[in-house]
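1. sharing a sequence plus its predicted fold:
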Amino acid sequence: MAVVNKTQSKPVIPPTAAVTGSSSSSTNALSDFSTSLQSTIDSYFKTLTPRLKLIDIFLAFLVVVALIQFVFVILVGNFPFNAFLGGFISTVGQFVLTVSLRLQTHSVKKEEREFEITPERALGDYVFASLILHFIIYHFIN
Amino acid sequence: MSSLTLSQRTVDNIQLFLKVTILITIAGAAISSRLFSVIRFESIIHEFDPWFNFRATKYLVSHSFYDFLNWFDDRTWYPLGRVTGGTLYPGLMVTSGAIWHALRKIGLPVDIRNICVMLAPAFSGVTAYFTYLFTSEIKDSSAGLLAGAFMGIAPGYISRSVAGSYDNEAIAITLLMASFYFWIKASKEGSVFYASWAALFYFYMVSAWGGYVFITNLVPLHVFVLILMGRYSNRLYAAYSTWYAIGTVASMQIPFVGFLPIRSNDHMAALGVFGLIQIVAFGDYIRSKVPSKKFKSVLIVAIFLIIAVGILGLFGLTYAGLIAPWTGRFYSLWDTSYAKIHIPIIASVSEHQPTAWPAFFFDTQFLIWLFPAGVYLLFQDLSNEGVFVIVYSVLCSYFAGVMVRLMLTLTPIICVAAAIAVSKLFDVYMDFSELLQSKVEVEGIKESTGAKAKKTKVTGLSIVAKLTVIVSFAFYLFLFVYHCTWVTSNAYSSPSVVLASRNPDGSQNLIDDYREAYYWLRMNTAEDAKVMAWWDYGYQIGGMADRTTLVDNNTWNNTHIATVGKAMASSEEVSYEILKEHDVDYILVIFGGLLGFSGDDLNKFLWMIRIAEGIWPDEVKERDFFTSDGQYRVDDLATDTMKNSLLYKMSFHRFTELFGHRNAVDRVRNQRITQEPDLNIVEEVYTSENWLVRIYKVKDLDNAGRDLLSASKFEKETKAGIKKRIQKRPDLDLRE
Amino acid sequence: MAVETCSTERSKGPNVLRVHSFKRSQGSGFSNQSINTTTMQLSTLFCLFLVSIASALPSPFPTDTALIYDSKITNLESYTSLLNYLREELRVPLQVLEFNSPELEIFKNGQRNFDNLIIFPTKARSIGSESNIHGLDLLNFFNDGGNVFTITSPTGVSETVRNYLNQIGIYPSPRNHELVDYFVGSNETSFKSIKLTAENVKLESNIISSVPEITYSGSAALLTNNNLLFPILQSPSTSFTKNSQESDEANNWTVGTQGYLAVGHQGLNNARGAWIGDASLLDDSQFSTFDKELLQWTFQMKNILRVTEVKHNHINGDTYAERPYKVKDELEYQITLQEFNGEQWSPVSFSDLQFEIKLISPYHRLNLSELSQDENSTTYGVTFKVPDRHGVYTLQTIYQRPGWSFVEEKEVLSIRHLANDEYPRSWDIPNSWVYITSSVVVFAAWIVFLIVFIYIKDGKIVDSKKQK
């Protein structure tokens, strides 16, 4: 797939100094907050590759499953607790592992040479850890 | 140039060979220095707690694992029983069981007792290896070798891992160092693979020892400190998240731990840091997309929000009862007098007393002054791993000062920090590379190092300086080894089941009263006889005498222990009711008055009284046992409550006979006993050779319906030939 | 069968914690050996049972009897009906001995020499050829399982018998103290001959079955509140005991109904004894059913209970050995009792037999109901649910009623908790289906993700900061 390289106008934000204390600066901070968030979201979509998209879809799916379980617990109660924990932690654990995979394979920062992990190694570690996680979850739910 | 040119590969090979040899030697030294008691006495399980572990292991190898997990122990805590499957840490027993099965598979049927006795020394070699690995990650392999050597023979660790000390700490410290090694490796490399291994070893550790809470709090604290220092990186995120996710869910598989990692306050720090690192990762991601100035304001808002939500959430959940508040043991770590007032049982354990200052030197000798030096040196580079060692040292130093028992967790980091200090020293002072370049021959050194060559001016003075330092440190090291061996031999190798003392002519006198008495119980009482003794001896009675006990060292039911304490501390009439209610057949007391053994039951009596008073403050009062001027006396000046208590009577029964009814002296409390106590509800069935252990049988209800006091009085009077010729009208209550 | 937790009080028996033993303890004479009932014992019980049927003695127990008397006080000629009754009808091997006869040995080589003793009043201080039988010896005899029938009178109270009785809880009046009643004398001339009426007879002690016609002239005794004493005859409310040689009115031995004239007692080992204060109750002029029943009761020929079988199992028939009991199991318990009525073992009906399951104090106390009856015994049973706390429980049936031998059957069992796979499994709980599906779904999605991840073609990583 070709590299997506859209040119779009960047939002122009006048630089403001963040000073703590007065209410006007807190509104400045909040507006900074929202503008930074907006710029982050824009740059995120710009740098999306198919693999990243796949990872992010999977992550979103995990969050949805976790939310479903959480809502279920709030509605119905948390018996049996170990099953709830098992299901919930399987999503949380998988989420965290996938984020680590994302960071390791697509990290922008270049780590020091002696700590560089090749993407293949990252994938291998990821599979190893996920298998362990799922095995324990199944034992937990029994 | 030196005449010898070695290729890099040869140097590596020589180094590898040296490392392997040295590690094997360290393991050998570690194992052999722990074998004193086996050589002197025999291969026997020591102390108290190991007896229970041994009994559980025997059960495991003779039944299936399923039976072990669901074992209902009806020979302890009569009549309540104990569900051991859910109240013990199975790691130790499973390890021994696995080793036993493995050895049998390869055709070496070793008796389970020998496996249990030798497990701790075997694992101490492994501990030394993991300490070597750990320290090599911190500094380099030369420091690692030093640390391994120190760890192998440090008395602080030996005290809980001699041959025969079959307790959880035997494998727990090994797993502690292994978990830490894998954690450091994972956080250095950011590798999910090593983090998974760290989590798996953490799970093994959780299955082995209750002190796993230490790892649960130390690793998050390390991560937290790194984040505060601004050293967040993706590697840290990957390592910690993996470790927490897999480790926590794995630790909940142990029945004893159950849902504690989610529920108890001890574990909340790990959860908090987990959440925090997610947020920090997210923030870092944003920062990578956003200019730094704007990011500052984002950061401020975010931090404010997080702290508010976090603290409110924690207090809210604790208040709502969803999270258990901190346990009593945790409180007692911060407030040393808390336990004495609120939970006497915890306070009465001698291991829970605060550490005396000499104990630090006794357990680590010269490492204790190298320890701050090592920590300081780590401050100079302040790598991430160095931060871990610093945090570990500071935290553990406080705890080791509060409880003697936690000295054990301080010992590894003392060894590591001291090794770093010595290694740094040797890096500088053993650097003879310039000399080799100038063709001067030097003497063989203890360890070869690959120090960076520094271009310094070589003068004779520098050689003398270097040699001075090297010789003095070699002397210190030698002295260290000597001290460790001496301490191990004299202080930590006693099985405490067998006592040793010296005869007047200098030969060794073994006092084997405990085993004598337990074996008598085993051979001369019914299989289902119930024995009441103070909880200290419960495991030993269960292990050696194989009889049902009322209370034992597990101390999970305070009321039951208080009942036993009340039975010991009350008068005969009150005690008899309790004894009959609990179907007690025999009572066992330890009496040191003849030998001068100060760990006897009369010295522990105050704890019995205090614990009983906690439940029945109206019936048992500690003040009643002290004389009016506050002394604890057992002679004629003793209070009536003291003289009428069952324990007092059982201890001094027939004691005056030994001395011909005159001049009977209790050698522990140094007081003279002149009166023979009047004992009616129990009869003596066994007293060991040195009167250390005394066993009494509870008398049945009188056949004719009398109370036992009058019954024995009648018997004594008849035997003494007292005749009552004149009949007086008895003073009786009205018949209903 | 309805299961109730009944809070009826146990009968006023002593707080007995010893196990019933059908065989009287035969060990060395001085110690109280308690013999736990096990299945082995039950089989020996059956053997003895068969033996006793075969020999058809009036008592299932051995009955070597010694009658000890003092010829100065007692004239055996006037006790022929007693002796005939003992020898012919009860068929006990009887030895009649003077109190100082050299053949009189209660213990020989550490074993009891007799099974029953009848001790008439003696003038001398102690019994025995060299005055060497003390109260303690009689007490040991009793504790060893021997039955002791004692008689004291104003003419003869020996120290031996007095000490023995005092330990039992009976304090007979000393020499020359006589029971006097100025209101109910049998004739005007002697206030010491008292006709007893129905209100002086304690039938609730289950020793005698009908009110006897008795004219009593002798001593009375004070009793302690010992639960093992079963009073039979009580002195009238207008009577008192006074010393005939002194006129100290303030020092009467007994007053009113506090005095007792005939008392039976039973030890925890089911040895029995009796005391009466008037030897003339046994002589030819007054020998009646009262005496016969008293002698039968004392010599273990009446009101004897025996447990022949105790069993418990799951409701569906599995025993403890096949499937150990767990919390909340449904169990049934059965106990079979029989009574010896003088000739043979026969069924017996009780309505207040209770079963307890206890840890330290009872969790359940249930009435046992009669399940079946055959020609020799009655079976009682009950079903119950094990409490939901694990522990080492004692299943016991204790029956202590005055006049009956004590029944105590105890069994200690460990009741375990639920094993980890005996809780409802997660696939049985509807709530957990959500979580199971979610974790399975996550696993499946993960596999799909992996496959796609490996095979997807990736684009270049664009550094967003470089673009600014």
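-> Structure's in. What do you need?
2. so what does the spatially most central residue of chain C have for phi and psi?
-> When C-alpha atoms, centre = their mean is applied to chain C, the residue found nearest the centroid is residue C:406 (1.7 Å). Torsion angles at residue C:406 (phi, psi; degrees, to the nearest 10) stand at phi -80, psi 130.
3. which ones are touching residue C:355?
-> C:333, C:335, C:364, C:365, C:366, C:367, C:368, C:382, C:384, C:395, C:396, C:397 (C-beta atoms under 8 Å, 6 or more residues apart in numbering or on different chains). C-beta coordinates here come from the backbone N, C-alpha and C atoms, glycine included.
4. didn't the third one look like it was pressed against residue C:357?
-> Yes - under the criterion of C-beta atoms under 8 Å, residue C:364 lies in contact with residue C:357, with a separation of 4.9 Å.
5. number of residues surrounding the residue lying closest to residue B:690 once chain neighbours are set aside?
-> Excluding the flanking residues, the one nearest residue B:690 by C-beta to C-beta, 6 or more residues apart in numbering or on different chains is residue B:595, at 4.9 Å. For residue B:595, the neighbour count with other C-beta atoms under 10 Å in any protein chain shown is 18.
6. about what we covered before: quick check: the residue nearest to the centre of chain C vs residue B:623, distance?
-> In this view, residue C:406 and residue B:623 are 44 Å apart by C-beta to C-beta, to the nearest Å.
7. tell me how many other residues surround residue 80.
-> As the question left the chain open, I've gone with chain A. 19.
8. was after chain B, sorry
-> Considering only other C-beta under 10 Å, residue B:80 is surrounded by 20 other residues.
9. so it touches residue B:560, yeah?
-> Yes - in this structure, residue B:80 is within contact of residue B:560 by C-beta under 8 Å, at 6.6 Å.
10. sec struct for the residue minimising distance to the centre of chain B, please.
-> Nearest to the geometric centre of chain B sits residue B:405, at 5.4 Å (C-alpha atoms, centre = their mean). Under DSSP: H, G, I helix; E, B strand; the rest coil, residue B:405 falls in the helix class.
11. so it sits against residue B:352, correct?
-> Yes - under the criterion of C-beta under 8 Å, residue B:405 makes contact with residue B:352 at 6.4 Å.
12. so is the host helix or strand of residue B:196 next to chain A?
-> Here residue B:196, judged by DSSP states H and E, is contained in helix B:192-208. Yes - shown here: helix B:192-208 in contact with chain A (C-beta under 8 Å from any C-beta of the partner chain) through B:192, B:193, B:195, B:196, B:199, B:200.
13. wait, isn't residue B:168 in contact with residue B:89?
-> Yes - if you go by C-beta under 8 Å, residue B:168 and residue B:89 touch, sitting 5.9 Å apart.
14. which residues do those two both contact?
-> B:208, B:209, B:210.
15. what's residue C:221 in contact with, if anything?
-> C:165, C:170, C:171, C:172, C:173, C:254, C:259, C:260, C:261, C:263, C:275, C:277.
16. now those residues as JSON lines including secondary structure and pLDDT?
-> Below are these laid out as JSON lines (DSSP: H, G, I helix; E, B strand; the rest coil; pLDDT from 0 to 100):
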{"residue": "C:165", "secondary structure": "helix", "pLDDT": "91"}
{"residue": "C:170", "secondary structure": "strand", "pLDDT": "90"}
{"residue": "C:171", "secondary structure": "strand", "pLDDT": "91"}
{"residue": "C:172", "secondary structure": "strand", "pLDDT": "90"}
{"residue": "C:173", "secondary structure": "coil", "pLDDT": "89"}
{"residue": "C:254", "secondary structure": "coil", "pLDDT": "87"}
{"residue": "C:259", "secondary structure": "coil", "pLDDT": "89"}
{"residue": "C:260", "secondary structure": "strand", "pLDDT": "91"}
{"residue": "C:261", "secondary structure": "strand", "pLDDT": "91"}
{"residue": "C:263", "secondary structure": "strand", "pLDDT": "92"}
{"residue": "C:275", "secondary structure": "strand", "pLDDT": "93"}
{"residue": "C:277", "secondary structure": "coil", "pLDDT": "90"}
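17. confirm residue C:421 sits in a strand?
-> No - assessed with three-state DSSP, residue C:421 is coil; it does not lie in a strand.
18. give me the phi and psi angles of it.
-> Phi and psi for residue C:421, reported as degrees, to the nearest 10, are phi -100, psi 20.
19. got the contact list for residue C:224?
-> B:732, B:733, B:735, C:169, C:171.
20. out of these, who's nearest residue C:352?
-> Using C-beta to C-beta, residue B:735 comes nearest to residue C:352 of these, at 23.8 Å.
21. what residues does the stretch 401-550 of chain B have near chain C?
-> Counting by C-beta under 8 Å from any C-beta, the residues of the stretch 401-550 of chain B close to chain C are residue B:528.
22. low-scoring stretches of the stretch 401-550 of chain B, by residue?
-> Counting by pLDDT under 70, the stretch 401-550 of chain B contains low-confidence ranges at B:434-458.
23. swap in 90 and give it another go.
-> Applying pLDDT under 90 to the stretch 401-550 of chain B picks out residues B:401-409, B:425-470, B:485, B:487-512, B:536.
24. let me see the ranges of the strands in it.
-> Using DSSP state E, counting those that start in this stretch, the strands of the stretch 401-550 of chain B run over B:499-502, B:508-511, B:530-532, B:548-549.
25. closest one to residue B:260 among those strands?
-> When these are compared (using C-beta to C-beta), the closest one is strand B:548-549, at 28.1 Å.
26. CA atoms only: put the next helix or strand after that closest one into PDB for me.
-> Tracing the chain C-terminally past strand B:548-549 and defining elements by DSSP H and E, one meets helix B:558-569 next. This file holds the C-alpha atoms of helix B:558-569, laid out as PDB (Å, rounded to 0.1, in the frame of the first residue of the first chain):
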ATOM      1  CA  ASN B 558      -6.300 -16.300  68.400                       C
ATOM      2  CA  THR B 559      -9.200 -17.400  70.500                       C
ATOM      3  CA  HIS B 560      -8.100 -20.900  70.500                       C
ATOM      4  CA  ILE B 561      -4.700 -20.000  71.600                       C
ATOM      5  CA  ALA B 562      -6.200 -17.800  74.300                       C
ATOM      6  CA  THR B 563      -8.200 -20.800  75.500                       C
ATOM      7  CA  VAL B 564      -5.000 -22.700  75.900                       C
ATOM      8  CA  GLY B 565      -3.400 -19.800  77.700                       C
ATOM      9  CA  LYS B 566      -6.400 -19.500  80.000                       C
ATOM     10  CA  ALA B 567      -6.200 -23.200  80.800                       C
ATOM     11  CA  MET B 568      -2.500 -22.800  81.700                       C
ATOM     12  CA  ALA B 569      -3.100 -19.700  83.700                       C
END
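27. hmm, helix B:558-569 touching chain C?
-> No - Helix B:558-569 stays clear of chain C (C-beta under 8 Å from any C-beta), getting no nearer than 9.1 Å.
28. run through who's touching that helix.
-> B:77, B:80, B:345, B:532, B:534-535, B:550-551, B:555, B:574-575, B:578-579, B:582, B:584, B:601, B:605, B:607-609, B:611-612, B:614-616, B:619-620, B:625, B:645-647.
29. show me which positions of stretch B:540-554 end up buried.
-> B:540-545, B:547-554 (16 or more other C-beta atoms under 10 Å in any protein chain shown).
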